[in-house]
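Engineer: Provide a 3D model corresponding to the input given below.
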Amino acid sequence: DLVYDVVGDDEKQRLRDQLLPLLRGKAMASNFDRMQYFKLPFTQALPEISRRAVYLSRGKAYVPLEMFVGIITQRFRAGLSKSLAKGAAGFGAAAADPRIGPVMNNIEKQYVGKAYGAGRAESGAITPEDIDGLADESMPLCMRHLHKTMRAQHKLKHQGRMQYGLFLKGAGLSLEEASRFFEMEYTKIMSAADYKKRYSYGWRHMYGKEGKRTDYTAYGCVHIIQGTPPLPGQAHGCPFRHFGENQLSAMLGQLRITGSDRESILKPAREHQYQIACYKHFEIKHRDLLNAGYGTAKDLDGVGNHPNSYLSASMALHQAAAKAKGGGSKSSIGSGSGSGAIAAAAAGNAGAQGQGQAQQQAKAEPMEVEAAPAAVEG
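Structural biologist: So this is what the prediction gives:
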């Protein structure tokens, strides 16, 4: 259980010089008198202590409200992950019970967050010219790996195309732009005619223009984590779940995440808390923006649950930073003409977290019956 006490007004004023530096950004510092502080045993705020982000006194860590919310969120996620692991041990017996078995067997097929890629509200929000910038600045590790693999090998295997293609669709890449983006890359190793013959149908099917014309949505984290592990030569999946620790550590090193920061990501991944590892990756990657006061723990809702939520939260932080620095509504991400649209999409996506209805797995995973051309691996 989380043990804490509210810091009274008298104590807060007495410790003003020690507590004021904990606030992020000038706007937050100006609200010191209205800011609520909490004190809790230092063992419950070790990550914050390692960053020197709290005030320590007599075994107690003093934290402002915004940081306290983040600590509660992390503890809840960790507790939930452990409880789910325990529940998994008894899943077999429950699933065999005809009274509850059908429900239990379909739990993993439910996603109750926003249905990224459904409808046309965000279509056109990004262009192919924006994607390299987004991969470096705002994509989660899984999608960044797919993007870098495609740039290096000039193609993706079927499951990688599905995971990455639906992610870009959910981010707002239109069918026409998606076809142009992938054709530019694939035709580096094949003719345009060969590309159209083998892959054009698959993209149209993904966008609901062929076959059953289903409006497919982007994969959530649970679907990716529980999906088929990547084989040699494949790049899909979740790096925190499917990569060995040495490979994951090397990947983080390439992003200049080292030392205690790298260990704070590897530790939950090692303990099978893959979504928490992803959340920690986001926090570390965007630490400067968060410390500058451009976002709070509330703005990160959905990070670790869906790759597109990660993308939207990151884009929103960069947009806020660019606006504060006099950049207007332009996002700092993307070099193409779609940068302004990216900023608008970020604001819309970030504000829609937690909305939408549960999606059936059939809604999130295109059938291959009528999409045989998309399944070609060569």
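
Engineer: as a check, name the ranges of all strands in the protein.
Structural biologist: 5-6, 37-41, 55-57, 60-64 (DSSP state E).

Engineer: so what touches the shortest one?
Structural biologist: Strand 5-6 is touched from outside by 36-40, with contacts defined as Cβ atoms under 8 Å, 6 or more residues apart in numbering. For every residue, glycine as well, the C-beta is placed using N, CA and C.

Engineer: kindly reformat those residues as TSV containing distance to residue 143 and pLDDT.
Structural biologist: Shown next, in TSV, are the contacts of strand 5-6 (distance: Cβ to Cβ, whole Å; pLDDT from 0 to 100):
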residue	distance to residue 143	pLDDT
36	37	84
37	38	87
38	36	88
39	39	90
40	36	87
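
Engineer: quick one on the thing from earlier: tell me the most buried of the strands of the chain?
Structural biologist: Burial of the strands of the chain is given as mean neighbour count (mean count of other Cβ atoms under 10 Å); strand 60-64 ranks first at a mean of 23.

Engineer: what lines up beside it in the sheet?
Structural biologist: strand 37-41 (antiparallel), strand 55-57 (antiparallel) (DSSP bridges).

Engineer: so for that strand, mean pLDDT?
Structural biologist: Strand 60-64 carries an average pLDDT of 88.

Engineer: what separates that strand from the chain centre, distance-wise?
Structural biologist: Centroid displacement of strand 60-64 relative to its chain, using Cα atoms, centre = their mean, to the nearest Å, is 28 Å.

Engineer: contact partners for the residue nearest to residue 68 when sequence neighbours are not counted?
Structural biologist: Closest residue to residue 68 apart from its sequence neighbours, by Cβ to Cβ, 6 or more residues apart in numbering: residue 38 at 4.7 Å. Contact partners of residue 38, counting by Cβ under 8 Å, 6+ apart, are 4-7, 62-65, 68.

Engineer: which strand residues bridge residue 38?
Structural biologist: In beta-bridge terms (that is, DSSP bridges), residue 38 pairs with residue 6, residue 63.

Engineer: quick check: it vs residue 301, distance?
Structural biologist: Going from residue 38 to residue 301 by Cβ to Cβ, to the nearest Å gives 20 Å.

Engineer: which among the strands of the chain is found nearest to residue 273?
Structural biologist: Of all the strands of the chain, strand 37-41 sits nearest to residue 273, with 21.4 Å by Cβ to Cβ.

Engineer: nearest to residue 224, out of the strands paired with strand 60-64?
Structural biologist: strand 37-41 (34.2 Å).

Engineer: quick check, residue 22 in contact with residue 55.
Structural biologist: Yes - applying Cβ atoms under 8 Å, one finds residue 22 in contact with residue 55, separated by 6.3 Å.

Engineer: tell me the residues that contact both of the two, please.
Structural biologist: Taking Cβ under 8 Å, 6+ apart as the contact rule, the neighbours common to residue 22 and residue 55 are residue 62.
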